[in-house]
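Asker: After the sequence you'll find the predicted model.
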Protein chains: 2
Amino acid sequence: MTIILDGRETTEKVMEEVAAEVGALKAKGITPGLALVLTGDDKYSARYVNLKKKRAEGVGIYAELHHLEQTTDEELVAFIHRLNDDPKIHGIMVQLPLAEGLSELKAVDAIAPEKDVDGLSPNTLGKVLMGEETYPPAGVEAIMELFRRYNIDPNRKHWVIVGSSNFLSKPLAASVMNLSSNVTQVDEGCPHIAEQIKDADVISTEMQKKHFVKADMVKEGVIVIDNGNTYEGKKVYGDVDPEVYEKASAYTPVPGGTGPMLIAMLLKATVKAASN
Amino acid sequence: MTIILDGRETTEKVMEEVAAEVGALKAKGITPGLALVLTGDDKYSARYVNLKKKRAEGVGIYAELHHLEQTTDEELVAFIHRLNDDPKIHGIMVQLPLAEGLSELKAVDAIAPEKDVDGLSPNTLGKVLMGEETYPPAGVEAIMELFRRYNIDPNRKHWVIVGSSNFLSKPLAASVMNLSSNVTQVDEGCPHIAEQIKDADVISTEMQKKHFVKADMVKEGVIVIDNGNTYEGKKVYGDVDPEVYEKASAYTPVPGGTGPMLIAMLLKATVKAASN
């Protein structure tokens, strides 16, 4: 039987739990606070950050949205430092990509580790690599949360991770290094990519190539984590061809897989930061 | 022709270059300063740190050795913070493992990123994962320096890294993720370890298992990086059986491979920190 790793249903459950935890914290006089920082004028980013704010407020989190339409590295870093010092803020999320010309490294490195609830800073990524307690990137947590909810053991497996982003594929590989699992990280342009995929017990893709992975490229019983989102008009396609699902033991659909989980993971981390 | 990646000879060359750079910095009125911090009463660690100090002084670096035989997390962190603020110190190295009962994470997390010349802190490891400019762990730099000196391209290869330490195997895997190479990280207890090794274009081992890797386990032409050191009396053995060398295109001998490079990499990073 193939398990569908249903991100929408799981998100609903997580959000209910988060709302209950917010309620419990408020009863103790603590209101979890999240600061969202947006730069530039990208409409998609603006919509997404507004959705994060709405969802945060929906579970009772206090949320601030700061839109720095025109800013400099120095201003942005100073702004983040003020949020680090603000006692009503427990989590800080800087929407990436930043407006053109701004240094992402300087911005994310300015976030205090204890408030880095979206897992963006080098300090957090280092702790993920070390296997230390931290708030891993939301994309990594989304995958691990799905494994937990569907009782899939991430250990004793050969993971193959296709992709190289700092917010998903690289920290996911770093995280898996701390399990009793093999992990292979590959990307386009790497040699033997197809052979690697064929060996995988778990495959995570972040390619943005519509239906790149076909049934004959994977092993029977593979667990598929598809982080691809290729838009054609209003329709969205994953990196994995649906014909693969028949060979899979579990898979995340696109849409409705890891994507919907991201905001829930951010809010869950914010509540954890508030309770610490 | 098999290339011997000679760590002793390479170390001599690096040390000459480091000494020349120190001379050039001193001519500009800057003396590179290195603080070495030792805890507890382990005799091997004490000897090794003293050797680091002697080598640093040998190339003209100002070196301080601080032996905190009895200390607490709070004292150690406060001590490191004072070194962070000390303008004559450009590099800080905390000898690991710490004395029992001390938190390594708290100690290494206290080192200012711009003085973390041995690549120990989560901030540094996160930057290694992100592919950002930093001072990677000396063990990682030792390998990359050997590749550079012997004109071996680390790209377009399938790396297999056997080991899980925070100062070598995991950051090495993190570093290779930023190349155009596949990287597989495995450790004992992981499934299919032998099959993984057989696939490797480059294998790095950190197992401490005398001559574990045999000739029939590797591919013809493999590049072998052996970080194993198993002592039997005064003799030391690597993880790779010397019979493998005949199949290899390049290899680090044990002794005389990566081991001797570590101090040179620390001093090279210290000089770089001083010139920044």
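Answerer: Sure thing, it's come through.

Asker: can you map out the strands along the stretch 151-276 of chain A?
Answerer: With DSSP state E, counting those that start in this stretch, the ranges of strands along the stretch 151-276 of chain A come out as A:158-162, A:182-186, A:202-205, A:223-226, A:230-232, A:235-237, A:250-251.

Asker: Adjacent strands (with direction) for the fourth one?
Answerer: Strand A:223-226 pairs in its sheet with strand A:202-205 (parallel), strand A:250-251 (parallel), by DSSP bridges.

Asker: highest average neighbour count across these?
Answerer: The highest average neighbour count among the strands paired with strand A:223-226, using mean count of other C-beta atoms under 10 Å in any protein chain shown, belongs to strand A:202-205 at a mean of 26. All C-beta spots, glycine's among them, are computed from the backbone N, C-alpha and C.

Asker: what sits up against that one?
Answerer: Contact partners of strand A:202-205, identified using C-beta atoms under 8 Å, 6 or more residues apart in numbering or on different chains, comprise A:143, A:154, A:157-163, A:169, A:172, A:197, A:212-213, A:218, A:222-228, A:238-240.

Asker: can you pull out the helices in chain A?
Answerer: A:7-27, A:43-58, A:73-85, A:104-110, A:122-130, A:138-149, A:169-176, A:193-198, A:261-275 (DSSP state H).

Asker: before we move on, the earlier item: export the strands paired with strand A:223-226 to JSON lines and append columns for mean pLDDT.
Answerer: As requested, the strands paired with strand A:223-226 are arranged in JSON lines below (pLDDT from 0 to 100):
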{"stretch": "strand A:202-205", "mean pLDDT": "98"}
{"stretch": "strand A:250-251", "mean pLDDT": "98"}
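
Asker: Any chance you could list what contacts stretch A:251-259?
Answerer: If you take C-beta under 8 Å, 6+ apart as the criterion, stretch A:251-259 is touched by A:2-8, A:139, A:142-143, A:146, A:223-229, A:236-238, A:240, A:244-245.

Asker: What parts of the stretch 51-200 of chain A come near chain B?
Answerer: If contact is defined as C-beta under 8 Å from any C-beta of the partner chain, the residues of the stretch 51-200 of chain A in contact with chain B are A:105, A:109, A:113, A:121-130, A:132, A:156-158, A:164, A:166, A:170-171, A:173-174, A:177-178, A:180-187, A:189-193, A:196, A:199.

Asker: Pull out the buried members of those residues.
Answerer: Among those, those buried by neighbour count (16 or more other C-beta atoms under 10 Å in any protein chain shown) are A:109, A:113, A:121-130, A:157-158, A:164, A:166, A:170-171, A:173-174, A:177, A:180-187, A:190, A:192-193, A:196, A:199.

Asker: Low-confidence bits of the stretch 101-250 of chain A, can you list those?
Answerer: Within the stretch 101-250 of chain A, the set of residues satisfying pLDDT under 70 comprises A:191.

Asker: mind running it again at 50?
Answerer: Using pLDDT under 50 as the threshold, the predicted model of the stretch 101-250 of chain A has no low-confidence range.

Asker: still on that earlier bit, and the strands of the stretch 151-276 of chain A as a markdown table, adding distance to B:Thr72?
Answerer: Formatted as a markdown table, the entries for those read as follows, by distance: least, C-beta to C-beta, whole Å:
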| stretch | distance to B:Thr72 |
| --- | --- |
| strand A:158-162 | 39 |
| strand A:182-186 | 37 |
| strand A:202-205 | 42 |
| strand A:223-226 | 43 |
| strand A:230-232 | 54 |
| strand A:235-237 | 54 |
| strand A:250-251 | 47 |
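
Asker: circling back to that earlier point, buried among the contacts of stretch A:251-259? Make that a ChimeraX selection.
Answerer: Buried residues within these, by 16+ other C-beta under 10 Å, are selected in ChimeraX with:
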select /A:5,6,7,139,142,143,146,223,224,225,226,227,228,229,237,238,240,244,245
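
Asker: dump the residue contacts of the residue nearest the centre of chain A.
Answerer: Among the residues of chain A, the smallest C-alpha distance to the mean C-alpha position (C-alpha atoms, centre = their mean) belongs to A:Gly139, namely 1.7 Å. In this structure, A:Gly139 makes contact with A:Phe167, A:Leu168, A:Pro171, A:Leu172, A:Asn227, A:Thr258, A:Leu262, A:Met265, judged by C-beta under 8 Å, 6+ apart.

Asker: list the contacts for the third one?
Answerer: Spelled out, that is A:Pro171. Counting by C-beta under 8 Å, 6+ apart, A:Pro171 makes contact with A:Gly119, A:Leu125, A:Val128, A:Leu129, A:Pro136, A:Pro137, A:Gly139, A:Val140, B:Leu129.

Asker: Alright, I will stop here.
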